[in-house]
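Engineer: Structural data only, the sequence is not supplied:
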């Protein structure tokens, strides 16, 4: 079991290097410098999302049948290839290929990395009761990596965009090195020949067996989208507000550090105020965020952007943990992949429309439209969940 305990630390280490993306805080100005419009940038992300959507569930199912370690190794190889290709990418078509390579890697890693952490916890003395704390730690490590990468990316861009891309290329191979050292958890696997029956069991578990789980499933998708769409708006917003690109990394680092700190305290606040209150908070925060950045500009708008990070920190611990500990290990990766599938399909629709609206009617009006859309989602999905649940993460 000591080898499986090692998986927990390695999961944190893998996530750190996987999220150490120095290109992210300046990627919008980088794309714009190559002559791309905001519509094209969102179309790139839609391409990424479509690719993930096509391969997400098959890869999650592969992880449940084939094993966590092998799946993460192959996913890490695709990620490394993607960042290698970015060294030479210069045209819109080049960037499409880059996005597809990263999407293939993400489709294999997404869900599998969480699953190997939960599987390892179930077979060690840490036990199932500490899963929410482990997930909080994982999210904090992720945010710490993004914070440090943002600062470094913000400094490197003062040299050139090329310096940022080279740094991202080097770090891009570290997740592969970590994945090679993982130990496969001895979980009970699904039948490799009964695919139809397997999926019937999975879908019944999500959509019929547990109504709270069904609502958790959809709320994780909706509020993940609410904060993710904002990520692709921030840099355009900062640029329009006259913020120097030299400060992009610092602002991005502050955002990510906030997300990490919030994720560390979710377990504590869930016990103090209850899951229902946190569910309401995680949904109203991005709605207020879109209204705020639509109305304000400059420093005030940047401050309001922190609302999305508060929501992100709560969502990625409270809802993700509720989903995972309610799901059997034998098909946990597939369920996580289904969440990602619907998330990506949602972004394929909302992302390009947001880019089109920004180009056609301006950023402020586009933000009001997003606020209205997510208010509707709040009424349809979040209020019912809040009314049904008192505590959705396990006692420790």
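Structural biologist: Good, I have the coordinates. For clarity, every value in this text was computed on a predicted model and none was experimentally measured.
Engineer: Next, the buried residues of the host helix or strand of residue 255.
Structural biologist: Secondary-structure element containing residue 255, defined by DSSP states H and E: helix 248-273. Burial within helix 248-273, assessed by neighbour count using 16 or more other Cβ atoms under 10 Å, is assigned to 248-249, 251-260, 262-264, 266-267, 269-270. The C-beta positions use only the backbone N, C-alpha and C, and glycine is treated the same way.
Engineer: Next: stretch 282-295.
Structural biologist: The neighbour-count criterion (16+ other Cβ under 10 Å) identifies 282, 283, 284, 285, 286, 287, 289, 290, 291, 292, 293, 294 as the buried residues of stretch 282-295.
Engineer: ok, now stretch 344-364?
Structural biologist: When neighbours are counted by 16+ other Cβ under 10 Å, the buried residues of stretch 344-364 are found to be 344-348, 350-358, 363-364.
Engineer: cool, stretch 223-230 as well?
Structural biologist: Using 16+ other Cβ under 10 Å as the burial criterion, the residues of stretch 223-230 that qualify are 223, 224, 225, 226, 227, 228, 229, 230.
Engineer: between the residues you listed, which is nearest residue 374?
Structural biologist: residue 226 (5.2 Å; Cβ to Cβ).
Engineer: pretty sure the closest one is in contact with residue 311, am I right?
Structural biologist: Yes: the pair residue 226 and residue 311 passes the contact test of Cβ atoms under 8 Å, sitting 6.9 Å apart.
Engineer: Which neighbours do these two have in common?
Structural biologist: For the pair residue 226 and residue 311, residues contacting each of them under the criterion Cβ atoms under 8 Å, 6 or more residues apart in numbering are 283, 286.
Engineer: between the buried residues of stretch 282-295, which is nearest residue 179?
Structural biologist: Using Cβ to Cβ, residue 282 comes nearest to residue 179 of the buried residues of stretch 282-295, at 30.9 Å.
Engineer: Nearest spatial neighbour of the closest one, chain-adjacent residues omitted?
Structural biologist: Closest residue to residue 282 in three dimensions, ignoring its sequence neighbours and counting by Cβ to Cβ, 6 or more residues apart in numbering: residue 314, at 4.1 Å.
Engineer: Tell me if I'm right that the one you found and residue 262 touch.
Structural biologist: Yes: under the criterion of Cβ under 8 Å, residue 314 makes contact with residue 262 at 6.4 Å.
Engineer: if we can go back for a sec, out of the buried residues of stretch 344-364, name the ones that lie in helices.
Structural biologist: With helices identified by DSSP state H, the entries of the buried residues of stretch 344-364 that belong to them are 344-348, 350-358, 363-364.
Engineer: of those, closest to residue 211?
Structural biologist: Distance to residue 211 across these (Cβ to Cβ) is lowest for residue 346, with 21.2 Å.
Engineer: which ones are touching that closest one?
Structural biologist: For residue 346, the contact set (Cβ under 8 Å, 6+ apart) comprises 221, 222, 225.
Engineer: Name the next helix or strand following the strand or helix carrying residue 121 along the chain.
Structural biologist: Element membership of residue 121, judged by DSSP H and E, is helix 112-122. Following the chain from helix 112-122 toward its C-terminal end, the next helix or strand by DSSP H and E is helix 131-156.
Engineer: Which of the buried residues of stretch 282-295 fall in helices?
Structural biologist: Secondary-structure check on these using DSSP H: residues within helices are 282, 283, 284, 285, 286, 287, 289, 290, 291, 292, 293, 294.
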